[in-house]
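A.B. asks: Predicted coordinates and the sequence they were generated for:
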Amino acid sequence: MISVEEHSARVREVVGDRPVVRLPLRDCAGLVLAEDVGAGVSLPPFDNSAMDGYAVRAVDVAGASGGTPVSLPVAADIPAGRTDVPPLESGTAHRIMTGAPMPPGADSVVMVEHTDAGTERVLISSPVAAGTHVRRTGEDVTAGATALRAATVLSPAHLGLASAVGLDRLPVFAPPTVLVVSTGTELVLPPEPLRHGQIYESNSVMLVAELAALGCRVETVRSVADDVAAFRAALEPKLPGVDLVLTSGGVSAGAYEVVKDALAGAGVEFGKVAMQPGGPQGCGRWNGVPVVTLPGNPVSVLVSFEVFVRPALLAALGHTRVQRPHVRARLTETLTSPRGKRQFRRGLHTARHGEVTGVVGPQGGPGSHLLASFAQANCLIVLEEDVTEVPEGGMVDVLLL
Ligand SMILES: Nc1nc2c(c(=O)[nH]1)N[C@H]1C(S)=C(S)[C@@H](COP(=O)(O)OP(=O)(O)OC[C@H]3O[C@@H](n4cnc5c(N)ncnc54)[C@H](O)[C@@H]3O)O[C@H]1N2
Ligand code: MOO
């Protein structure tokens, strides 16, 4: 048996690193920026009005009040987008809209609410301090400064900022295309009717959701029979353009282990990892394509993805934080674990506001076919290899999902 750490290192090595590509902003959400990116323009790019109103010189409206409004001729109209803005002469006003460029000579904006909204002449009933309602060039970002730093996980705000400084593409670590393959002659796809001895396929659905959440592109072969020729025939045409193959099932000790039979000796190594669930594992390269083979039980698939594949893909994609957050929590009931194996139990962790640790209880038993209890869980309770029992009230390590 190999350790969880040894298999993690093998999967990480097989998955490799992703190349840098320049993608349109709409395809960058959630990906990692590969290089620092500079701002081509300042933000705002020009002094502009923060309000709909009138651009004035503060000195011209210094004496204005409700009882004694100041009357100024309206010399120009400046909607947002006007590019030929005439300067403001002293003793006049320009009507101006939010986002429109400030006219040279004006130093402030009076909100339309503090005027009679006139178009030939305007009555202004309130003074303003110089600079009021003016958004200054570069107060958000200075042209030439770094707008986004390498290793940033791109959020909607980052992408908006990239567009605001004039970029239409960003250098990111390319999302891989992953081929997900579910093996098993017993598998049927909903809504086909089930016959006795058959089950509905669920592993590929979970893997597709996991991979999509990481930004991967996904292709699927949702049901291939336990037959080596059928397996090869289904996969080989799909391999070009695929960066990683993830299989489920067919890797343990039975008579019809299709994945093992097809790939052992063809570049993929199989073995047992000292963990439960997720014992039988394999990884390697087949026809040059990285392959990670996961055991078939649905809980084993999810736990194996969590422990081996997710961190490897996150690292390949340039993420610096690849592990889930860990906390220590108090067990609500006694748990036992096989000696020599790291056990991952589905758990429900609760912490009161402000608490770091909280309490955790198991969801369902350790059986790796019990998917419904995984669906109720929000964490994995980790029982280390040398632990055989943790009593109620004991502290355990919890991986928050
Ligand atoms: N003699 C031994 N038998 C088994 C061992 C062992 O060490 N010696 N290990 C057990 C463990 S642990 C696991 S996990 C499984 C792994 O077996 P396989 O990877 O070969 O998986 P299968 O036998 O193909 O399937 C296991 C189980 O999961 C169901 N399954 C498979 N694929 C899907 C899918 N896409 N959707 C839903 N359910 C799926 C399948 O019907 C089986 O019930 O081996 C143990 N046996
Ligand atoms: O170790 Mo298997 O992967 O649980 O049932």
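C.D. replies: Received it, and whenever you're ready, just let me know what you need. Numbers count the residues shown, from 1 in each chain. Ligands and ions are numbered 1, 2, ... in the order given.
A.B. asks: how much space between the closest residue to residue 164 other than its chain neighbours and residue 62?
C.D. replies: Distances taken as C-beta to C-beta, 6 or more residues apart in numbering put residue 43 closest to residue 164, at 5.8 Å, once the chain neighbours are dropped. For every residue, glycine as well, the C-beta is placed using N, CA and C. Distance, residue 43 to residue 62, using C-beta to C-beta, to the nearest Å: 32 Å.
A.B. asks: now residue 94
C.D. replies: 18 Å.
A.B. asks: Helix or strand for residue 68, just tell me which one.
C.D. replies: Using DSSP states H and E, residue 68 maps to neither a helix nor a strand.
A.B. asks: coming back round to it: quick one: which of residue 43 and residue 62 has more around it?
C.D. replies: It is residue 43, of residue 43 and residue 62, that has more neighbours when counted by other C-beta atoms under 10 Å, with 19 against 11.
A.B. asks: quick one: the helix or strand where residue 208 lies to chain centroid distance?
C.D. replies: If you go by DSSP H and E, residue 208 is part of helix 203-213. Relative to its chain's centre, helix 203-213 lies at 14 Å (C-alpha atoms, centre = their mean, to the nearest Å).
A.B. asks: Counting by contacts, list what the helix or strand following that helix packs against.
C.D. replies: Per DSSP H and E, the first helix or strand lying C-terminal to helix 203-213 is strand 217-224. Where contact means 3 or more C-beta pairs under 8 Å, 6 or more residues apart in numbering; DSSP states H and E, strand 217-224 is packed against strand 177-183, strand 187-188, helix 203-213, helix 228-235.
A.B. asks: Direction included, what does strand 217-224 pair up with?
C.D. replies: Here strand 217-224 has these sheet partners by DSSP bridges: strand 177-183 (parallel).
A.B. asks: I'd like to check the angle between the strand it pairs with and helix 203-213, please.
C.D. replies: 160 degrees (axes from the mean of the first three to the mean of the last three C-alpha atoms, to 10 degrees).
A.B. asks: Flag every buried residue along strand 177-183.
C.D. replies: 178-183 (16 or more other C-beta atoms under 10 Å).
A.B. asks: who touches residue 348 in this structure?
C.D. replies: Contacts for residue 348 (C-beta atoms under 8 Å, 6 or more residues apart in numbering) come out as 360-361, 363, 376-379.
A.B. asks: Just the buried ones out of those, please.
C.D. replies: Applying 16+ other C-beta under 10 Å to the contacts of residue 348 flags 360-361, 363, 377, 379 as buried.
A.B. asks: Flag every residue of the stretch 151-300 of the chain that's near ligand 2.
C.D. replies: When proximity is defined by C-beta under 6 Å from any ligand atom, the stretch 151-300 of the chain lies next to ligand 2 at 276-279, 295, 297, 300.
A.B. asks: hmm, back to that, list just the nearest of the buried residues of strand 177-183 to ligand 1.
C.D. replies: residue 182 (3.5 Å; C-beta to the nearest ligand atom).
A.B. asks: Can you check the pLDDT for the closest one?
C.D. replies: On the pLDDT scale, residue 182 is placed at 98.
A.B. asks: my read: it touches residue 200, true?
C.D. replies: No: if you go by C-beta atoms under 8 Å, residue 182 and residue 200 don't touch, sitting 10.9 Å apart.
A.B. asks: Now for the two: what residues contact both?
C.D. replies: By C-beta under 8 Å, 6+ apart, no residue touches both residue 182 and residue 200.
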